[in-house]
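Student: Need a 3D model of the following:
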Amino acid sequence: MNWSKVKNVLIILMAAADIFLGISLAVQYRSNHYIDSDTIASTVELLQDGGIAVAPEVIPAKKSSAGVIIGKPGEGYHKSVALLLLGEEGISSQTPTGEIHSVSSAGYKASSAPVSESASAEFFSYDPFTLRWTSGGTELYNYAEAASDYLYNGGTAPFNVESEEITQPYNAERDIVRHFKKLGVTLSVISIVRDANTGRYAAVCRQSFSGLPSVQCEVTVIYDGNTVICFSGVLIFESCCEGQSSYRADSYDQVNILFMEKDYLDERRENADTELEHRVTYLNEEYCVNWSSDRSTYYLIPAWRVGYSDGSSRVRNAVTGSIFAL
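Tutor: So this is what the prediction gives:
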């Protein structure tokens, strides 16, 4: 017997078995984590018959891998955030009604360029994660709110916004993202403008968890080209929480969500005087924030945001399928 030939045959058979196993695992992974093109094509056709136009490429092929995230702010959450933002010199006070927890300090130690004015932060008890921070003067609150209104609604802001928004916004965006990264918060910039009078940048930013943005966790940030001087909105400082855990939950995929949208729009169409046509322009994964009844625990729930050509969008809880009220 020619053992050399036998050995070569065995090597070839083992290599073939490895290739077959690899292909089988790849097919299984694809089946478990992706929606096949035939299903997407059928979905597009059925939605079209129901008056919803959507291009196949708008529907993400990859299924959601997001889990439910659970966290606890903890009793000392506000104090921990204050120390993170203002350093050890922070002095805290609270209104008699308990509505606002404010903190002031002589300097802003988390900044790469400490400011000379006093810094302060305000927390609102109706939502433990809603706060305003400024490095001096309440006029910055109004500035942030006006900028937020302009960036969200395209309204007329009481400052001279550059016509092209920003020619090269990358440096400002990068600096803002880095600034909050030092505080343990991951942000992405949604929109940004520059005040031609002062040189300040105003940006609307959204916080992300496990790579997905949150529906509610957004802030308006004022950046002067050197450091953040004001921000206002909703942020979860995870490092100041008592801990986070996550678990997998059965959730509706993007195809199911689109058919829920179809049912919802069918009901509206029945009550409308004219035929309604809808075109889906994007379908994005996000998180929405929910609370326990005593607000001692928060839940980040996977969600899908469906956007339409008229500029409207709806967010659906991926676990229950219900429309999330912003």
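Student: where exactly do the strands run in the stretch 51-200 of the chain?
Tutor: Remark: strands assigned in the stretch 51-200 of the chain by DSSP state E, counting those that start in this stretch are 52-54, 68-71, 91-94, 100-105, 119-124, 127-134, 187-194.
Student: ok, whatever helix or strand comes next after the last one: who's next to it in the sheet?
Tutor: Read it as strand 187-194. Downstream of strand 187-194, the next assigned helix or strand under DSSP states H and E is strand 201-209. Sheet pairing of strand 201-209 (DSSP bridges) gives strand 187-194 (antiparallel), strand 212-223 (antiparallel).
Student: Looking at the ones you listed, which one is packed in the most?
Tutor: strand 212-223 (a mean of 22; mean count of other CB atoms under 10 Å). In this view, the C-beta of every residue, glycine as well, is placed from N, C-alpha and C.
Student: Give the next helix or strand downstream of that one.
Tutor: Assigned by DSSP H and E, the successor of strand 212-223 is strand 228-234.
Student: any idea which of the strands paired with strand 201-209 scores lowest on pLDDT?
Tutor: When the strands paired with strand 201-209 are ranked by mean pLDDT, strand 187-194 comes last with a mean of 85.
Student: That one vs strand 228-234, what angle?
Tutor: 120 degrees (axes from the mean of the first three to the mean of the last three CA atoms, to 10 degrees).
Student: Grab the CA positions of strand 187-194 and hand them over as PDB.
Tutor: The C-alpha coordinates for strand 187-194 follow below in PDB (Å, rounded to 0.1, in the frame of the first residue of the first chain):
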ATOM      1  CA  LEU A 187     -21.900  61.400  21.300                       C
ATOM      2  CA  SER A 188     -22.400  61.800  17.600                       C
ATOM      3  CA  VAL A 189     -23.100  65.200  16.100                       C
ATOM      4  CA  ILE A 190     -26.400  65.500  14.300                       C
ATOM      5  CA  SER A 191     -26.200  69.000  13.100                       C
ATOM      6  CA  ILE A 192     -23.900  72.000  13.700                       C
ATOM      7  CA  VAL A 193     -23.800  75.700  12.900                       C
ATOM      8  CA  ARG A 194     -21.400  78.500  13.600                       C
END
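Student: the bottom helix or strand of this protein by mean pLDDT?
Tutor: Of all helical and strand segments in the chain, the minimum by mean pLDDT, DSSP states H and E falls on strand 100-105, at a mean of 47.
Student: mind putting the strands paired with strand 201-209 in TSV, distance to Leu83 included?
Tutor: As requested, the strands paired with strand 201-209 are exported to TSV (distance: least, CB to CB, whole Å):
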stretch	distance to Leu83
strand 187-194	21
strand 212-223	19
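Student: So for Ser64, which of the ones you listed sits nearest?
Tutor: Closest to Ser64 of those is strand 212-223 (CB to CB; 8.9 Å).
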